[in-house]
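Structure for this input, please:
(one chain, ligands or ions: 1)
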Amino acid sequence: MAETNDPQVQVTVIGGGIVGCAVADAVARSGMPVVLLEAESALARGTTSRNSEVVHGGMYYPAGSLKARLCVEGRRLLDEFCTAAGVGYRACGKLIVAVDHHEVPQLERLHALGLSNGMTDLRMLDAADCRAMVSDVTAVAALHSPHTGICDAEGLTQALARRAAEHGAQVMTSAPVVALEDTSAGWRVQTGAAGRRPAGSHTSDWVINAAGLYADRVADLAGKGHPRQVLVKGNYFAVAPRHAGRLDQLVYPVPPSDGSTLGVHLCLDLAGQMRLGPDMEPLSADVVPEAIDYAVDPGRLEDFLTGARRFLPWLERGDLGPGTSGVRPKLAETGFRDFVVETRPARVGGLVNLLGIDSPGLTAALALAGHVTALIDA
Ligand SMILES: Cc1cc2nc3c(=O)[nH]c(=O)nc-3n(C[C@H](O)[C@H](O)[C@H](O)COP(=O)(O)OP(=O)(O)OC[C@H]3O[C@@H](n4cnc5c(N)ncnc54)[C@H](O)[C@@H]3O)c2cc1C
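Alright, predicted model coming up:
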């Protein structure tokens, strides 16, 4: 028996970043009526538009983890979707380089991990192979991942939202969710007024919380006891355009062994421009997502230059300038933490909280969406 006269929908997705749009698309294509609510006036304004846009291979994550499984599967799905939908994507390849012999065992460990995670295309290179492939990079050995790629993350998000809408999803921007109430008719989902859109409400059997940096705050609307997120900023430095096209592969160092970061690396965009980053700058616990300062401190230049010159010796101080930044919703400042997909049963249906969706969240998004859809469609 319904407690309100609110409109009813089977599934509500909160958040219009890559993850929310991928979930709305997968749910809509499985035949369930779905509404996606995004607080901002456009999709993909959060972390989705502030990252390296790398479509990862999957050699960094512990075997059997959600990150490992969803990254490997997500890369395959993303490749297929981008090709079919005409979204910018290029499998440019990636090298993880050892600049010192003592780093080689770590490369071999990543190679073995990648193989156990289902990456069939990884190859170890010696110094001569590396020189032949990228003469401008210093390396005594490297791990080559030919199918690691780069994509247009915002274009991908928009394309997923379009496909979701074609399958009946209602996609609403300027619709910040401000309250969730567990009623006998399902979740009562309330949105606040934003832009020209008035406040509103509806009921929903299932709510999927894909609110990125705000995901623990959205989870709080329905109750406590879920993991908390910590915010860790990642800064980038732009490389002078005169070097554009000098390298056609992504180049990463051997990562720190604690698993918290991939190390400051050389990223490429689809136009061939280069940048370095991201580094790790934990934000203080009292910084709320809406108060994040995304400006990059020029004082970090020396660390970037020193780190990158180990494998890109031709870089000069004048080649680097402060670029963009993004913020990771992590579950711990250091060490490996897996994605959390937490299902909370309700009087009707339930709530699925997606917490700690940091890297490789972009790569994994389509596989994560399939995982969530299977949970609620069971
Ligand atoms: C520096 C950096 C580099 C990265 N590099 C890579 C990479 O190369 N490859 C990779 O795979 N991953 C990478 N990632 C991770 C990837 O960017 C994220 O995992 C992914 O973008 C997360 O998407 P999302 O949809 O969960 O979050 P978001 O894009 O932040 O979307 C969440 C959305 O929820 C909305 N929202 C919040 N609260 C509410 C509310 N109450 N009501 C309605 N809407 C709400 C927000 O406005 C936002 O649009 C990187 C991340 C960072 C920070």
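
C-alpha from now on. contacts and neighbour counts both.
OK.

Residue ranges in the stretch 151-300 of the chain under the pLDDT threshold?
The model of the stretch 151-300 of the chain has pLDDT under 70 over residues 259-260.

Do a quick rundown of the helices in it.
With DSSP state H, counting those that start in this stretch as the criterion, the stretch 151-300 of the chain has helices at 153-166, 215-220.

Switch the ones you listed over to CSV; also include mean neighbour count and distance to residue 188.
What follows is these, written out as CSV (neighbours: other C-alpha atoms under 10 Å; distance: least, C-alpha to C-alpha, whole Å):
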stretch, mean neighbour count, distance to residue 188
helix 153-166, 21, 23
helix 215-220, 20, 14
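
Tell me, how many residues neighbour residue 230?
22 (other C-alpha atoms under 10 Å).

ok, it to the ligand distance?
Separation of residue 230 from the ligand (C-alpha to the nearest ligand atom, to the nearest Å): 12 Å.

Not counting its neighbours along the chain, what's nearest that residue?
residue 330 (5.2 Å; C-alpha to C-alpha, 6 or more residues apart in numbering).

For the one you found, give its distance to residue 213.
To residue 213, residue 330 is 9 Å away according to C-alpha to C-alpha, to the nearest Å.

what's the overlap in contacts for those two?
Both residue 330 and residue 213 are in contact with 229, 231, where contact means C-alpha atoms under 8 Å, 6 or more residues apart in numbering.

and of the helices of the stretch 151-300 of the chain, who's closest to residue 297?
helix 153-166 (24.9 Å; C-alpha to C-alpha).

anything in that closest one near the ligand?
No. Against the ligand, helix 153-166 shows no contacts by C-alpha under 6 Å from any ligand atom, the least distance being 8.1 Å.

Quick one: distance of that helix to the chain centre.
Taking C-alpha atoms, centre = their mean, to the nearest Å, the mean C-alpha location of helix 153-166 is offset from the chain mean by 16 Å.

and residue 180, which of the helices of the stretch 151-300 of the chain is closest to it?
helix 215-220 (8.6 Å).

Residue 32 should be in a helix, yeah?
No. Counting by DSSP: H, G, I helix; E, B strand; the rest coil, residue 32 is not found in a helix; it is coil.

residue contacts, the closest residue to residue 268 other than its chain neighbours?
The shortest distance from residue 268 to any non-neighbouring residue, by C-alpha to C-alpha, 6+ apart, is to residue 274 (4.7 Å). Counting by C-alpha under 8 Å, 6+ apart, residue 274 makes contact with 238, 239, 240, 241, 243, 244, 266, 267, 268.

Specify which member of the residues you listed is nearest to residue 344.
residue 267 (38.3 Å).

List the contacts of the closest one.
Residue 267 neighbours (C-alpha under 8 Å, 6+ apart): 52, 54, 250, 251, 274, 275, 276, 277.

repeat that with 6 Å
250, 274, 275 (C-alpha atoms under 6 Å, 6 or more residues apart in numbering).

What's the ChimeraX syntax to select whichever of the contacts of residue 274 are buried?
Per 16 or more other C-alpha atoms under 10 Å, the buried members of these correspond to this ChimeraX selection:
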select :238,239,240,244,266,267,268
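
from the contacts of residue 274, which single one is nearest the ligand?
Using C-alpha to the nearest ligand atom, residue 267 is the member of the contacts of residue 274 that lies nearest the ligand, at 8.5 Å.

that older thread, let's have the helices of the stretch 151-300 of the chain in TSV, adding distance to residue 45.
Below are these laid out as TSV (distance: least, C-alpha to C-alpha, whole Å):
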stretch	distance to residue 45
helix 153-166	8
helix 215-220	15
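
of the contacts of residue 267, list those near the ligand.
Those of the contacts of residue 267 which are also neighbours of the ligand - as judged by C-alpha under 6 Å from any ligand atom - do not exist.

how close does residue 291 sit to residue 213?
From residue 291 over to residue 213 (counting by C-alpha to C-alpha), the distance is 12 Å.

And the two? Which one has more around it.
residue 213 (24 against 8).

so who does the more buried one touch?
residue 329.

And residue 210, by the same measure?
14, 15, 20, 354.

so the third one is in which element?
What that stands for is residue 20. helix 18-29 (DSSP states H and E).

ok, and does that helix reach over to the ligand?
Yes. Judged by C-alpha under 6 Å from any ligand atom, helix 18-29 and the ligand are in contact via 18, 19, 20.

so which of the residues you listed comes closest to residue 324?
residue 18 (18.9 Å).

Could you list which residues are in contact with the closest one?
residue 157.

for this structure, what's the longest helix?
helix 66-85 (DSSP state H).

correct me, but residue 325 touches residue 238?
No. Using C-alpha atoms under 6 Å, residue 325 makes no contact with residue 238, being 10.9 Å away.

what residues does whichever helix or strand comes after the longest helix of the chain touch?
Where DSSP H and E defines the elements, the next helix or strand beyond helix 66-85 is strand 89-90. Here strand 89-90 makes contact (C-alpha under 6 Å, 6+ apart) with 149, 150, 151.

Tell me, how many residues neighbour the first one?
When neighbours are defined as other C-alpha under 10 Å, residue 149 has 25 of them.

Report the buried residues of the helix or strand harbouring residue 301.
Using DSSP H and E, residue 301 sits in helix 301-309. Buried residues in helix 301-309, counting neighbours by 16+ other C-alpha under 10 Å, are found at 301, 304, 305, 307, 308.

Pick the one among the residues you listed closest to the ligand.
Checking the buried residues of helix 301-309 against the ligand by C-alpha to the nearest ligand atom gives residue 304 as the nearest, at 14.5 Å.

What distance do you get for that closest one to residue 95?
18 Å.

Around the ligand, which positions in the stretch 251-378 of the chain sit nearby?
278, 326, 327, 328, 357, 358, 359, 360, 361, 362, 363.

Isn't the first one up against residue 233?
I take that to be residue 278. No. Contact between residue 278 and residue 233 fails when scored by C-alpha under 6 Å: they sit 8.3 Å apart.
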